[in-house]
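> Sequence plus predicted model, see below.
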Amino acid sequence: MVENFSSYQENDLLMLVGAGDERAFSAIVAHYTPIIYAQLLLYLKHAQRAEEAVQDIFMSIWRNREKLPGMENFPGYVYVITRNKVQTIIKEKVLSVAEPPPDLLRAQLAGPESAVQLKELQQAVFKGIDRLPARRKEVFTLSRLENLTYEEIGERLGISRNAVKQHITEAMVFLRHYLKKELDVIVIALIWLSLPGAWPV
(Lines give C-alpha, C1' and ligand atoms only; values in the text may rest on other atoms or scores of the structure.)
Protein backbone atom coordinates (compact mmCIF):
# COMPACT_ATOMS: atom_id res chain seq x y z
CA MET A 1 0.00 0.00 0.00
CA VAL A 2 1.30 3.46 -0.91
CA GLU A 3 0.91 5.62 2.18
CA ASN A 4 2.88 8.77 1.37
CA PHE A 5 5.33 10.31 -1.04
CA SER A 6 8.34 10.36 1.23
CA SER A 7 8.35 6.59 1.82
CA TYR A 8 8.85 5.91 -1.90
CA GLN A 9 11.29 7.12 -4.49
CA GLU A 10 9.51 9.24 -7.07
CA ASN A 11 10.62 6.94 -9.87
CA ASP A 12 9.03 4.00 -8.07
CA LEU A 13 5.77 5.89 -7.71
CA LEU A 14 5.82 6.82 -11.40
CA MET A 15 6.29 3.16 -12.30
CA LEU A 16 3.25 2.26 -10.19
CA VAL A 17 1.17 5.11 -11.66
CA GLY A 18 2.13 4.01 -15.16
CA ALA A 19 0.72 0.59 -14.29
CA GLY A 20 -2.54 2.18 -13.17
CA ASP A 21 -2.00 2.24 -9.42
CA GLU A 22 -4.44 4.88 -8.13
CA ARG A 23 -2.95 4.95 -4.63
CA ALA A 24 0.47 5.79 -6.04
CA PHE A 25 -1.15 8.48 -8.14
CA SER A 26 -2.84 9.89 -5.02
CA ALA A 27 0.60 10.19 -3.41
CA ILE A 28 1.88 12.11 -6.45
CA VAL A 29 -1.20 14.36 -6.38
CA ALA A 30 -0.81 15.07 -2.66
CA HIS A 31 2.84 16.02 -3.09
CA TYR A 32 2.52 18.25 -6.16
CA THR A 33 -0.85 19.90 -5.59
CA PRO A 34 0.43 22.66 -3.24
CA ILE A 35 3.25 23.48 -5.67
CA ILE A 36 1.05 23.60 -8.75
CA TYR A 37 -1.76 25.45 -7.00
CA ALA A 38 0.62 28.16 -5.75
CA GLN A 39 1.91 28.80 -9.27
CA LEU A 40 -1.56 28.86 -10.79
CA LEU A 41 -2.86 31.23 -8.13
CA LEU A 42 0.10 33.55 -8.73
CA TYR A 43 -0.81 33.96 -12.40
CA LEU A 44 -4.59 33.52 -12.38
CA LYS A 45 -5.41 35.44 -9.17
CA HIS A 46 -8.58 33.35 -8.82
CA ALA A 47 -8.79 30.52 -6.30
CA GLN A 48 -11.60 28.53 -7.92
CA ARG A 49 -10.07 28.80 -11.39
CA ALA A 50 -6.73 27.68 -9.97
CA GLU A 51 -8.34 24.70 -8.22
CA GLU A 52 -10.11 23.66 -11.43
CA ALA A 53 -6.88 23.99 -13.37
CA VAL A 54 -5.07 21.76 -10.85
CA GLN A 55 -7.71 19.08 -11.40
CA ASP A 56 -7.36 19.39 -15.19
CA ILE A 57 -3.58 19.08 -14.94
CA PHE A 58 -3.72 15.88 -12.90
CA MET A 59 -6.40 14.46 -15.18
CA SER A 60 -4.03 15.07 -18.09
CA ILE A 61 -1.18 13.38 -16.23
CA TRP A 62 -3.37 10.37 -15.43
CA ARG A 63 -4.59 10.07 -19.04
CA ASN A 64 -0.97 10.00 -20.17
CA ARG A 65 0.32 7.82 -17.34
CA GLU A 66 1.97 5.38 -19.73
CA LYS A 67 4.62 8.08 -20.32
CA LEU A 68 5.63 8.20 -16.67
CA PRO A 69 7.72 5.05 -16.09
CA GLY A 70 11.36 5.90 -16.65
CA MET A 71 10.70 9.64 -16.98
CA GLU A 72 13.92 11.42 -15.95
CA ASN A 73 12.48 14.85 -15.16
CA PHE A 74 8.94 14.53 -13.85
CA PRO A 75 9.00 17.96 -12.11
CA GLY A 76 9.91 19.50 -15.47
CA TYR A 77 7.05 17.59 -17.10
CA VAL A 78 4.64 18.94 -14.48
CA TYR A 79 5.98 22.45 -15.00
CA VAL A 80 5.40 22.32 -18.76
CA ILE A 81 1.84 21.07 -18.36
CA THR A 82 1.15 23.77 -15.76
CA ARG A 83 2.66 26.50 -17.96
CA ASN A 84 0.62 25.38 -20.94
CA LYS A 85 -2.54 25.35 -18.85
CA VAL A 86 -1.90 28.91 -17.68
CA GLN A 87 -1.31 30.05 -21.26
CA THR A 88 -4.54 28.42 -22.41
CA ILE A 89 -6.61 30.00 -19.65
CA ILE A 90 -5.15 33.46 -20.21
CA LYS A 91 -5.59 33.23 -23.99
CA GLU A 92 -9.22 32.29 -23.52
CA LYS A 93 -9.71 35.15 -21.07
CA VAL A 94 -8.04 37.73 -23.30
CA LEU A 95 -9.84 36.64 -26.46
CA SER A 96 -13.25 36.43 -24.77
CA VAL A 97 -13.55 40.12 -23.91
CA ALA A 98 -14.39 42.95 -26.29
CA GLU A 99 -12.37 45.48 -24.28
CA PRO A 100 -9.53 45.03 -21.79
CA PRO A 101 -10.28 43.78 -18.23
CA PRO A 102 -9.31 45.74 -15.08
CA ASP A 103 -5.64 46.37 -14.47
CA LEU A 104 -4.27 43.41 -12.48
CA LEU A 105 -0.77 43.53 -13.92
CA ARG A 106 0.90 45.43 -11.10
CA ALA A 107 -0.32 42.90 -8.54
CA GLN A 108 0.79 39.97 -10.69
CA LEU A 109 4.23 41.39 -11.41
CA ALA A 110 4.88 43.08 -8.07
CA GLY A 111 7.76 40.79 -7.10
CA PRO A 112 11.36 41.90 -7.78
CA GLU A 113 12.01 38.59 -9.58
CA SER A 114 9.84 39.90 -12.44
CA ALA A 115 11.76 43.16 -12.93
CA VAL A 116 14.15 41.90 -15.59
CA GLN A 117 11.42 40.21 -17.59
CA LEU A 118 9.23 43.28 -17.26
CA LYS A 119 11.91 45.60 -18.62
CA GLU A 120 12.67 43.21 -21.48
CA LEU A 121 8.99 42.94 -22.28
CA GLN A 122 8.50 46.72 -22.27
CA GLN A 123 11.33 47.14 -24.76
CA ALA A 124 9.91 44.44 -27.03
CA VAL A 125 6.39 45.91 -26.83
CA PHE A 126 7.58 49.35 -27.91
CA LYS A 127 9.53 47.82 -30.80
CA GLY A 128 6.41 45.94 -31.84
CA ILE A 129 4.27 49.07 -31.67
CA ASP A 130 6.72 50.86 -33.95
CA ARG A 131 6.11 48.16 -36.57
CA LEU A 132 2.37 48.86 -36.75
CA PRO A 133 0.91 50.86 -39.66
CA ALA A 134 0.76 54.59 -38.85
CA ARG A 135 -3.00 54.88 -38.14
CA ARG A 136 -3.10 51.58 -36.21
CA LYS A 137 -0.11 52.69 -34.15
CA GLU A 138 -1.86 55.99 -33.39
CA VAL A 139 -5.06 54.26 -32.30
CA PHE A 140 -3.22 51.68 -30.21
CA THR A 141 -1.08 54.35 -28.53
CA LEU A 142 -4.12 56.44 -27.60
CA SER A 143 -5.79 53.36 -26.13
CA ARG A 144 -2.90 51.82 -24.24
CA LEU A 145 -0.66 54.77 -23.38
CA GLU A 146 -3.22 57.54 -22.91
CA ASN A 147 -6.00 55.27 -21.67
CA LEU A 148 -8.66 56.80 -23.91
CA THR A 149 -11.89 54.89 -24.48
CA TYR A 150 -12.89 53.67 -27.92
CA GLU A 151 -15.41 56.51 -28.15
CA GLU A 152 -12.82 59.15 -27.20
CA ILE A 153 -10.35 57.80 -29.75
CA GLY A 154 -13.03 57.80 -32.44
CA GLU A 155 -13.95 61.41 -31.71
CA ARG A 156 -10.33 62.55 -31.71
CA LEU A 157 -9.46 60.80 -34.98
CA GLY A 158 -12.82 61.17 -36.71
CA ILE A 159 -13.42 57.45 -37.12
CA SER A 160 -16.14 55.09 -35.87
CA ARG A 161 -15.98 53.09 -32.67
CA ASN A 162 -15.99 49.88 -34.73
CA ALA A 163 -13.00 51.13 -36.69
CA VAL A 164 -11.17 51.84 -33.43
CA LYS A 165 -12.02 48.38 -32.12
CA GLN A 166 -10.80 46.77 -35.36
CA HIS A 167 -7.48 48.63 -35.17
CA ILE A 168 -6.99 47.56 -31.54
CA THR A 169 -7.87 43.95 -32.29
CA GLU A 170 -5.50 43.70 -35.26
CA ALA A 171 -2.74 45.46 -33.33
CA MET A 172 -3.09 43.01 -30.45
CA VAL A 173 -3.00 40.02 -32.81
CA PHE A 174 0.18 41.34 -34.43
CA LEU A 175 1.87 42.15 -31.13
CA ARG A 176 1.06 38.76 -29.60
CA HIS A 177 2.69 36.99 -32.55
CA TYR A 178 5.60 39.43 -32.47
CA LEU A 179 6.21 38.96 -28.75
CA LYS A 180 5.90 35.18 -29.02
CA LYS A 181 8.77 35.22 -31.51
CA GLU A 182 10.86 37.74 -29.61
CA LEU A 183 10.48 36.65 -26.00
CA ASP A 184 10.15 33.54 -23.89
CA VAL A 185 7.61 35.24 -21.62
CA ILE A 186 4.41 34.59 -23.52
CA VAL A 187 2.28 34.25 -20.37
CA ILE A 188 3.28 37.69 -19.13
CA ALA A 189 2.95 39.11 -22.63
CA LEU A 190 -0.62 37.91 -23.00
CA ILE A 191 -1.55 39.46 -19.67
CA TRP A 192 0.26 42.68 -20.60
CA LEU A 193 -1.47 43.10 -23.94
CA SER A 194 -4.87 42.65 -22.36
CA LEU A 195 -4.51 45.57 -19.96
CA PRO A 196 -5.06 49.33 -20.31
CA GLY A 197 -2.34 51.64 -19.04
CA ALA A 198 0.25 48.90 -18.90
CA TRP A 199 3.10 50.92 -20.38
CA PRO A 200 4.60 54.02 -18.78
CA VAL A 201 4.35 57.26 -20.76
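The structure has been received and is ready for your questions.

> CA atoms for contacts and neighbours, from now on please.
OK.

> Please, where are all the strands along the chain?
Shown for the chain, no strands are assigned by DSSP state E.

> Show me how it divides into domains.
The record assigns the chain these domain ranges, following automatic domain parsing: 10-95, 105-193.

> In TSV: these, plus mean pLDDT.
Below are these laid out as TSV (pLDDT from 0 to 100):
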stretch	mean pLDDT
domain 10-95	88
domain 105-193	74
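
> With mean neighbour count as extra columns, can I get these in a markdown table?
Output for the domains of the chain, formatted as a markdown table (neighbours: other C-alpha atoms under 10 Å):
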| stretch | mean neighbour count |
| --- | --- |
| domain 10-95 | 16 |
| domain 105-193 | 16 |
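
> and Glu92, how far is that from Ala163?
According to C-alpha to C-alpha, to the nearest Å, Glu92 and Ala163 sit 23 Å apart.

> repeat for Lys137
13 Å.

> Repeat that for Arg83.
Distance from Arg83 to Ala163, by C-alpha to C-alpha: 35 Å.

> ok, now Leu16?
In terms of C-alpha to C-alpha, Leu16 sits 58 Å off from Ala163.

> what do you get for Phe74?
48 Å.

> List the contacts of Ala24.
Counting by C-alpha atoms under 8 Å, 6 or more residues apart in numbering, Ala24 makes contact with 2, 13-14, 16-17.

> which residues sit against stretch 48-56?
For stretch 48-56, the surrounding residues in contact (C-alpha under 8 Å, 6+ apart) are 33, 36-37, 40-41, 44, 85.

> Closest one of those residues to Asn147?
Leu44 (23.7 Å; C-alpha to C-alpha).

> hang on, the earlier thing: would a markdown table of the contacts of Ala24 with distance to Arg156 be doable?
Converted to a markdown table, the contacts of Ala24 look like this (distance: C-alpha to C-alpha, whole Å):
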| residue | distance to Arg156 |
| --- | --- |
| Val2 | 68 |
| Leu13 | 64 |
| Leu14 | 61 |
| Leu16 | 65 |
| Val17 | 62 |
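
> Now do the contacts for Leu41.
Counted by C-alpha under 8 Å, 6+ apart, Leu41 has contacts 47, 50.

> quick revisit: could I get the contacts of stretch 48-56 as CSV with distance to Val125?
Formatted as CSV, the contacts of stretch 48-56 follow (distance: C-alpha to C-alpha, whole Å):
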residue, distance to Val125
Thr33, 34
Ile36, 29
Tyr37, 30
Leu40, 25
Leu41, 26
Leu44, 22
Lys85, 24
